[in-house]
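Participant: Have a look at this fold, sequence not included:
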């Protein structure tokens, strides 16, 4: 299910039209828009809660954005801008899908999103606390966002339980997936010195080689953490049941394929099934 709702959420970060909407709201520059729109449901927070909730970003990258972004746009303005931007990007690629099908997909995904378990899910809960839009496309994006952040909260719990810290998670993931260090390090703000030190630490644990390549132990840990993440993300789908989940997947599949046209071949999100 993540592979079907993630492309819907991710249009906010990758659709070329979203930048102008966010800049009109006062959020000039890609990272100001990213940080402000994603953190806005938490309120006008400083860098510390964002470092905690976003996990993989270098603290120095976060502190450059917070609290400065709130002098440029309030959290309320950022939430409104992201909803407009994401919905416009989706409408541009969903014009050939029947309005009734879109409405059914939105209601189906909303049923799952309203069943998320909140304890320990900071970003998921913050998004779940926002008002539901009535427009089907906006509702679809909002539901996808709740489920995406709910799953992400659980992924962080899985990493912490496995003893994989924020910096470790990036260096380790770089050994496993396309793009590697060249894509992940600049996107998350860690220095060369920090990267090298973390590579040495992970090599000592047997998770990567001394030159940062994946080991069998590192790949096995990836499978373990993804399994835990999936189990922690299962509650909303268990709540609506297997039949409703399967029906939701059928409704989302053509939408996800169209939304995925915005995604680059290699990104921190990873390559999704809808991009196949």
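Facilitator: Cool, got the structure. Small disclaimer: the values here were computed from a predicted structure and weren't measured.
Participant: Residue 87 contacts residue 138, correct?
Facilitator: Yes. Residue 87 is within contact range of residue 138, at 4.7 Å (criterion: Cβ atoms under 8 Å). Glycine gets a C-beta too; all of them are placed from N, C-alpha and C.
Participant: If you count surrounding residues, which of these two has more?
Facilitator: residue 87 (23 against 19; other Cβ atoms under 10 Å).
Participant: Just give me the neighbour total for the closest residue to residue 232 other than its chain neighbours.
Facilitator: In space, and not counting its chain neighbours, residue 232 is closest to residue 154: 3.2 Å by Cβ to Cβ, 6 or more residues apart in numbering. For residue 154, the count of nearby residues is 22 (other Cβ under 10 Å).
Participant: Report the buried residues of the helix-or-strand element of the chain with minimal mean pLDDT.
Facilitator: Sorted by mean pLDDT, DSSP states H and E, the helices and strands of the chain end with helix 180-188, the least confident at a mean of 92. For helix 180-188, a neighbour-count test (16 or more other Cβ atoms under 10 Å) marks 180-181, 183-185, 187-188 as buried.
Participant: I'd like the next helix or strand past it.
Facilitator: Using DSSP states H and E, the helix or strand that follows helix 180-188 in sequence is helix 192-204.
Participant: just how off-centre is that following helix within its chain?
Facilitator: Distance of helix 192-204 from its chain centroid, counting by Cα atoms, centre = their mean, to the nearest Å, is 25 Å.
Participant: Quick one: work out the angle between that helix and helix 180-188.
Facilitator: Using axes from the mean of the first three to the mean of the last three Cα atoms, to 10 degrees, the inter-axis angle of helix 192-204 relative to helix 180-188 is 130 degrees.
Participant: Show me what helix 192-204 packs onto, helices and strands only.
Facilitator: Judged by 3 or more Cβ pairs under 8 Å, 6 or more residues apart in numbering; DSSP states H and E, helix 192-204 is in contact with helix 166-174.
Participant: Understood, closing this out.
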